[in-house]
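Model the following, please.
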Amino acid sequence: MPKQLLIALVENDDLILRLLQLWLTQAGHVTRTIREPDLRAGDAIDLIVADAADAAAAAAMAVRLRAVHAAPLLLMSARFHRGSALSGALAAQVAVDAVLPKPFTRDELLAAVAAAAGSVRP
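Residues are numbered from 1 along each chain as shown. Below is the predicted model:
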């Protein structure tokens with residue numbers, strides 16, 4: 001079984017939030033729902049999964065979240081496009097560890113979580 005992670009979820013849509021909580025807890029992770037301004041430096045979080053309206057919002061959110069926390073960052077958005085090359089380029093462009101286009105499947109979510117969490121450097 002993969003390492004259990006404490007994952008902070010930043011998602012305003014209650015249905016998506018509940019689905020994220022369900023899928024991630026079924027996979028053995030612990031989730032904590034937060035609002036972006038509530039994330040503080042020193043919180044013991046292994047990964048942040050956050051929704052962003054578009055690439056510009058994603059970049060701005062990445063800057064704000066990176067200013068207070070060193071945890072890897074996975075951004076989700078319906079505005080992101082599918083395709084591993086495009087996703088990797090977008091993640092690099094907005095300085096996050098991984099991106100996940102919406103809608104996504106459970107397997108796509110768990111793969112993105114593993115990829116983002118795997119970017120942690122000891």
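
Could you list the low-confidence segments of this protein?
1-2, 36-43, 54-59, 80-95, 119-122 (pLDDT under 70).

now the strands for it?
With DSSP state E as the criterion, the chain has strands at 6-10, 30-33, 47-51, 73-77, 98-101.

Run the chain-centre distance for the first one.
From the chain centre to the centre of strand 6-10 is a distance of 8 Å (Cα atoms, centre = their mean, to the nearest Å).

same for it, what does it pack against?
helix 14-26, strand 30-33, strand 47-51 (3 or more Cβ pairs under 8 Å, 6 or more residues apart in numbering; DSSP states H and E). The C-beta positions use only the backbone N, C-alpha and C, and glycine is treated the same way.

one more time with 6 Å, if that's ok
Using 3 or more Cβ pairs under 6 Å, 6 or more residues apart in numbering; DSSP states H and E as the contact test, the elements touching strand 6-10 are strand 30-33, strand 47-51.

Show me the strands paired with that strand, marking each as parallel or antiparallel.
strand 30-33 (parallel), strand 47-51 (parallel) (DSSP bridges).
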